[in-house]
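In: Sequence isn't available, so here's the structure alone:
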C-alpha cells in the first residue's frame, strides 16, 4: 500500500454499499421508511414507475438515515485515511442517493468529491464507469468495490481492491489475483446468529400441554409436539429477522444490540429476507403434517408477531400485553398440535406469569438506557420515569400467577390428576422464588435484557424448575 501511495497520484474511487459500509443504503432506506411511515409501502409502486433512481431519492427522504451509526468497515476506512494522508485524491462513487452519499462523505471527512445517483440517473455499473472515465481521462483510477456491479470497474481500474465480495466479484478476484479485503465473519455464521436459535427454547412451552396431560411419552404426541416446536422456532426466527431489519437505527444506538448481524453489517438485507422467507416456507410445510387447528394458530402467531414488529412494540403497555399473549399462544399451539385439551388454569397462569417477564424485559431496557430513555432513543413508548410503575405492575403480575397456581392446586382437577396433590403446593414457593429473584436482580441492574434467556442460564432458576419437575413426577407416579 505504501509503495502505491509513493508511486502514483491516481484518484481512488470508492464504492459505498457493501464496500465502505457493511450494508446497502437502498434496502436500509426501505425498512427505515416502512418503520417511520408504514403507508410508504403503497407509494413505492408509484415511485418505481419513475425508475429506481427516483425511488432511491424518495426513500432517502422518507427514511432519514443517521449516517453516523452506519456499520463502516473499519479496515477500509483506515486504509483510505492512510491513502489520504499520502496525498491521494479520494472520491466516493456510489449508486446510493446523492443526499445520503454527501452525508456519509461529510461525516468521514476524507473524500474530495462525491459521485452518486440523483433522481434521474442510477449511478451503478457502466453508468458509474462512464462518469469516472469522463473525470479521469488518460490518468486512470484505482477502485474499491464489492459486487457484480463493480466488475466492469475492476477491469478498467489500474489497481482494484475487492472488499467482502459477492460471488461474481469473488470469481473475478480469484482469476486476476487482485487485492482483497474480507469481512471479519462469514455470512453463514451471521445468519445463524440472526435466527437467534437460543430463543427457540421459549418454544418449549409447546410441550407443556402434553407434559401436564401425562402424555409426553406417547410417541405420536411427542412427535407432533416436536414438529410444532420446529415450525414455531422457524417462524419465530423469520420474525426476528424482520424485526431486526425494522429496528436497524435503534439497534445501532443500543449498547449491545449494535452487535446484531444486520445492525453491524455482517449480514446483508437481501440475504436476511431470503432467510426469513425460507424459514416461513419450511415452517408451513411442517405444519401440513399437523392438525389444521395448529396451522391456524401458527398463522395467528405470524400475524400478531408481524404486527408487533411493525407497530405494537412502540405502543405503551399494549406491547407487553401482546408479548405475554404470544407466550400463551405457544401453549395453545402445543395443545392443538398434540390434540390435547388445555385448561383455563394453565392459560390464566401463563398470561400473568409471562406478563411479569415481559415487564422485566421493558424495565431492564429502560434501566440500561438511563435518563435519556424516550421513544426516539429506544423505539419504545416508555420513558425513564416509568421504571417504578413497570416494576410494581411486574411484581403484581408475578404474584397473580402464583395465586392462579394456588387456586388450581386447590381445585378438584388436581385431585383427579395426581396421587399426592399436596406435593404440588410446593410449586408456589418455587415460582415465587423465581419471580422475586428476577425482579430483585432487575432492580439492582444485574438482569439480562431477556428474562427468559436469564432463567435458562441461571443455575438457581434451573434448580427450582428441576425441583418442580421432580414434584410433578412424584405426585403423579406415587
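Out: In hand now; what should we look at? Quick caveat: nothing in here was measured; it's all calculated off a predicted structure.
In: burial count for the closest residue to residue 203 other than its chain neighbours?
Out: Using Cβ to Cβ, 6 or more residues apart in numbering and skipping residues adjacent in sequence, the residue nearest residue 203 is residue 232, 4.6 Å away. Yep, even glycine has a C-beta here, placed from its N, CA and C like the rest. A count of neighbours around residue 232, defined by other Cβ atoms under 10 Å, yields 28.
In: Next: residue 418.
Out: Count around residue 418 with other Cβ under 10 Å applied: 20.
In: how close does it get to residue 212?
Out: Residue 418 sits 11 Å away from residue 212, going by Cβ to Cβ, to the nearest Å.
In: Residue 83 now?
Out: Separation of residue 83 from residue 212 (Cβ to Cβ) stands at 66 Å.
In: And for residue 304?
Out: Taken as Cβ to Cβ, the span from residue 304 to residue 212 is 24 Å.
In: With neighbour numbers in mind, choose between the two.
Out: With neighbours defined as other Cβ under 10 Å, residue 304 and residue 212 compare such that residue 212 has more, 20 against 16.
In: and that one, what is it in contact with?
Out: 343, 346 (Cβ atoms under 8 Å, 6 or more residues apart in numbering).
In: quick one: it and residue 329, what's the gap?
Out: Taken as Cβ to Cβ, the span from residue 212 to residue 329 is 17 Å.
In: cool, residue 162 as well?
Out: 47 Å.
In: In terms of neighbours, single out the busier of the two.
Out: Using other Cβ under 10 Å, the more surrounded residue of residue 162 and residue 329 is residue 162, with 26 against 20.
In: Bridged to the more buried one, which residues?
Out: Residue 162 has these beta-bridge partners by DSSP bridges: residue 145, residue 180.
In: ok, it - contacts?
Out: Residue 162 neighbours (Cβ under 8 Å, 6+ apart): 145, 146, 154, 169, 170, 172, 173, 178, 179, 180, 181.
In: out of these, which is most surrounded?
Out: residue 145 (29 neighbours).
In: pLDDT score for the residue nearest to residue 203?
Out: pLDDT for residue 232: 94.
In: For it, which three-state class applies?
Out: Following DSSP: H, G, I helix; E, B strand; the rest coil, residue 232 is assigned to helix.
In: in the chain, which ranges drop under the pLDDT threshold?
Out: The model of the chain has pLDDT under 70 over residues 1-7, 184, 370-381, 477-478.
In: what helix or strand is the residue lying farthest from the centre of the chain on?
Out: Centroid-distance maximum for the chain: residue 138 at 47.3 Å, with Cα atoms, centre = their mean. Counting by DSSP states H and E, there is no helix or strand that carries residue 138.
In: Look up how far residue 10 lies from it.
Out: Distance from residue 138 to residue 10, by Cβ to Cβ: 11 Å.
In: OK, contacts around residue 139?
Out: Residue 139 neighbours (Cβ under 8 Å, 6+ apart): 9, 10, 11.
In: Apart from its chain neighbours, what residue comes closest to the last one?
Out: Counting by Cβ to Cβ, 6+ apart, the nearest residue to residue 11 once its immediate chain neighbours are dropped is residue 89, at 4.2 Å.
In: That neighbour touches residue 8, doesn't it?
Out: No - using Cβ atoms under 8 Å, residue 89 is not in contact with residue 8; the gap is 10.8 Å.
In: and the helix or strand residue 151 falls within, which residues are buried?
Out: Here residue 151 sits within helix 151-156, counting by DSSP H and E. Within helix 151-156, the residues that qualify as buried are 151, 152, 153, 154, 156, counting by 16 or more other Cβ atoms under 10 Å.
In: Figure out the helix or strand that residue 12 lives in.
Out: Per DSSP H and E: strand 11-14 holds residue 12.
In: Pairing partners for that strand, with directions?
Out: When DSSP bridges is applied, strand 11-14 pairs with strand 90-97 (parallel), strand 141-145 (parallel).
In: Looking at those strands, which is nearest to residue 467?
Out: Smallest distance to residue 467 across the strands paired with strand 11-14 (Cβ to Cβ): 57.2 Å, for strand 90-97.
In: what comes up buried for the helix or strand that that closest one is followed by?
Out: Moving toward the C-terminus from strand 90-97, the next helix or strand (DSSP H and E) is helix 98-108. Residues of helix 98-108 classed as buried: 98, 99, 100, 101, 103, 104, 105, 108 (neighbour count, 16+ other Cβ under 10 Å).
In: Pick the one among these closest to residue 208.
Out: Closest to residue 208 out of the buried residues of helix 98-108 is residue 100 (48.4 Å), distances taken as Cβ to Cβ.
In: who's in contact with that closest one?
Out: Applying Cβ under 8 Å, 6+ apart, the residues near residue 100 are 25, 29, 60, 65, 67, 116.
In: As CSV, the residues you listed with distance to residue 248, neighbour count and secondary structure would be great.
Out: Converted to CSV, the contacts of residue 100 look like this (distance: Cβ to Cβ, whole Å; neighbours: other Cβ atoms under 10 Å; DSSP: H, G, I helix; E, B strand; the rest coil):
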residue, distance to residue 248, neighbour count, secondary structure
25, 11, 26, helix
29, 10, 25, helix
60, 15, 24, helix
65, 9, 23, coil
67, 13, 17, helix
116, 21, 23, strand
